[in-house]
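In: here is my input, please return the structure:
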Amino acid sequence: MISNADILNASILIVDDQKANVQLLEQMLCDAGYRHMTSTMDPHAVCALHRANHYDLILLDLQMPGMDGFQVMQGLKEIEADGYVPILVITAQPGHKLRALASGAKDFVAKPLELVEVKTRIHNMLEVRLLYKQLEHYNRALESLALHDALTGLPNRRLLMDRLSLAIAHARRNKRTMAVMYLDLDGFKQINDTLGHDAGDTLLKMVAARLVAAVRQEDTVARLGGDEFVIALWELSHADGVAKLVSKVMQAVSQPYCIHDRDVSMTASVGVGIYPTHGEEVETLMKSADMALYEAKRTGKNDYRIAAHIDLLAMPRS
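Out: The predicted model follows:
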């Protein structure tokens, strides 16, 4: 919900070519408790000001020399073509009401001003504007949650699949190599059992940060759930280079951790699938990397296997 404090903290721009009108509106807003007001008597400056400050409300005079309010509204609509432009038109010509509303104004008041009416309309417009912003923020948060792991902030399986599809398409188009690293922490369950799930969550977040730091900016580190991570290596100059990257990742994970004032050691097992040798589609490449990981864990953990070294028809790991 939008509180009265939220409304009074909103940012407001006053646009009028008459200094007396600007002062009247500033005083009215100040008396009502509004804290963030800006004003200009130059209509040409409005778009630049809004682009820089994204005002929650613009009080706009229509009749100004050089550039009228309708031209200003057109410029504002171009800045926020897909957004909500919060314009309250104030003019001495009530006959312009329909044209103003059609041009993008959200409300209209006529001069001479009835201050109680103006304050009410400003309050109501700001409430709608802030609710709209709150909804935008909520929708962005939902979108982020749909594509990212809530604990680590890494891409989740859905976003990983999209990134892998792009990486494979890029490699196919440019006749290059890319790879998938499937990583599983060795003995993670013991951390949860001995130190608690809070410590386990802390460890997962620390591992996630180390993985991101160990790879290139163009690569994607994702968490599939539990202690399973996948790294999509965007493009490799040659397939042999993947071993160096795997070693770097494993070394990063194996550095000591300090969790709740206790030193914790952790290692990882890694399976690697290389495009196009071990799969030319997302599903087959992921399967190759998963089977390689199964083999790495089966033969002793804290190691890696590349899919070319195993039988891809082997039993999947449990």
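In: residues contacting the residue lying closest to residue 69 once chain neighbours are set aside?
Out: Spatial nearest neighbour of residue 69, excluding adjacent residues (CB to CB, 6 or more residues apart in numbering): residue 62 at 3.6 Å. No exception for glycine: its C-beta is placed from N, CA and C like everyone else's. Residue 62 makes contacts with 68, 69, 70, 89, 90, 91, 93, 96, 100, as judged by CB atoms under 8 Å, 6 or more residues apart in numbering.
In: so how far is residue 113 from the third one?
Out: Meaning residue 70. 20 Å (CB to CB, to the nearest Å).
In: and the last one, by the same measure?
Out: Summarising the geometry, the distance separating residue 100 from residue 113, computed by CB to CB, is 16 Å.
In: go on, the fourth one?
Out: Applying CB to CB, one obtains 12 Å for the distance of residue 89 from residue 113.
In: buried subset of the contacts of residue 62 as a ChimeraX selection?
Out: Buried members of the contacts of residue 62 can be picked out in ChimeraX with the line below, counting by 16 or more other CB atoms under 10 Å:
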select :68,69,70,89,90,91,96,100
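In: so which of the contacts of residue 62 are in helices?
Out: 69, 70, 100 (DSSP state H).
In: can I get the residues you listed in a markdown table including distance to residue 304?
Out: Output for the ones in helices among the contacts of residue 62, formatted as a markdown table (distance: CB to CB, whole Å):
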| residue | distance to residue 304 |
| --- | --- |
| 69 | 66 |
| 70 | 66 |
| 100 | 67 |
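In: would you reformat those residues as a markdown table and include pLDDT and distance to residue 118?
Out: Converted to a markdown table, these look like this (pLDDT from 0 to 100; distance: CB to CB, whole Å):
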| residue | pLDDT | distance to residue 118 |
| --- | --- | --- |
| 69 | 93 | 16 |
| 70 | 93 | 21 |
| 100 | 90 | 15 |
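In: just the closest of those to residue 179, please.
Out: residue 70 (57.6 Å; CB to CB).
In: which positions in stretch 50-66 come out as buried?
Out: For stretch 50-66, a neighbour-count test (16+ other CB under 10 Å) marks 50, 55, 56, 57, 58, 59, 60, 61, 62, 64 as buried.
In: to clarify, my last question referred to stretch 233-251.
Out: 233, 234, 235, 236, 239, 242, 245, 246, 249, 250.
In: of these, which pair is most distant in space?
Out: 235 and 250 (21.2 Å).
In: mean confidence for stretch 199-219?
Out: Mean pLDDT, stretch 199-219: 95.
In: run through who's touching it.
Out: The contact list for stretch 199-219 (CB under 8 Å, 6+ apart) reads 151-154, 183, 185, 188, 191-192, 221, 223, 227, 229, 231-235, 245, 248-249, 252-253, 255, 257, 259-260, 264, 266.
In: next, the buried residues of it.
Out: Buried residues in stretch 199-219 (16+ other CB under 10 Å): 199-200, 202-208, 210-212, 214-215, 219.
In: among those, name the ones in strands.
Out: The members of these all map outside strands under DSSP state E.
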